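Student: From the sequence below, what's the structure:
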Amino acid sequence: MTIELHGYQYSVYSWIARLALHEKGVAYRWVEVNPFVENIPVGYLATHPFKRVPALIDAYFVLYETGAITRYVDEAFEGPRLQPVEPRARARCNQIVSIADSYAYWPLVRQVFSQGVFRPAMSHPVDASEFQRGLEAAPRVLAALETIAGGGRYLCGNHLSLADIHLAPMIGYFVLADEGGALLRNYGRLNDWWLEFSARPAFAATMPRLPQV
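Tutor: Next comes the predicted model:
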């Protein structure tokens, strides 16, 4: 049975799940679900009782929460290992994922990207003060990530990990705002990582195509 990934085409967390599947080399069927509309299919509540995305279905196994999905994809299927084995590297990987969720997502995606890029592209009202608050909060997050980023090609050394896969879509959306890209360039290691990771074929293959402003 083909794996199904239920998600919203513009959701950064759906993008993360897609990116993990692509990097792992796992085929899947995409099912579009917009969690922001009122008439979400009733059946989707059986898949995700909180009406969010993404959700993964593998045969009769239903899984939601992005971190759980990406770890399952890594551990359940053949392909390149996406979690470090060495305890400190694995802890760093988990730490970066947690930082992305707890501290990066809101200012980088919900404030800077949403207000500066997505809402204008969708012809939705924009809150300039929210955009500015995101720009003001972003340096603290970027500085923390710069400090703990490993010295190799990727965030946890020389091997791709779920840390890269989780953070990259958030940075990808953030730098679509000119101000976001300018801020990122102040953090040398993080910017170098971004330039290399964003050139990966899986990143280009999964990046959402936004409407043109």
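
Student: May I ask you to name the longest helix in the protein?
Tutor: For the chain, the helix with the greatest residue count under DSSP state H is helix 128-148.

Student: and it, what other elements does it pack with?
Tutor: helix 87-99, helix 178-184, helix 188-197 (3 or more CB pairs under 8 Å, 6 or more residues apart in numbering; DSSP states H and E). Just so you know, the C-beta spots here come from the backbone N, C-alpha and C atoms, and that holds for glycine as well.

Student: Dump the longest one to CSV, keeping only the CA atoms.
Tutor: Meaning helix 87-99. Listed next in CSV are the C-alpha coordinates belonging to helix 87-99 (Å, rounded to 0.1, in the frame of the first residue of the first chain):
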residue,chain,number,x,y,z
PRO,A,87,24.8,10.5,21.6
ARG,A,88,26.0,14.1,21.6
ALA,A,89,25.3,14.5,17.9
ARG,A,90,21.9,13.0,18.2
ALA,A,91,21.1,15.3,21.2
ARG,A,92,22.2,18.3,19.1
CYS,A,93,19.9,17.2,16.3
ASN,A,94,17.0,16.9,18.7
GLN,A,95,17.9,20.3,20.2
ILE,A,96,17.9,22.1,16.9
VAL,A,97,14.5,20.6,16.0
SER,A,98,13.1,21.8,19.3
ILE,A,99,14.6,25.3,18.8
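
Student: List the buried residues of it.
Tutor: Across helix 87-99, burial judged by 16 or more other CB atoms under 10 Å covers 89-90, 92-94, 96-97, 99.
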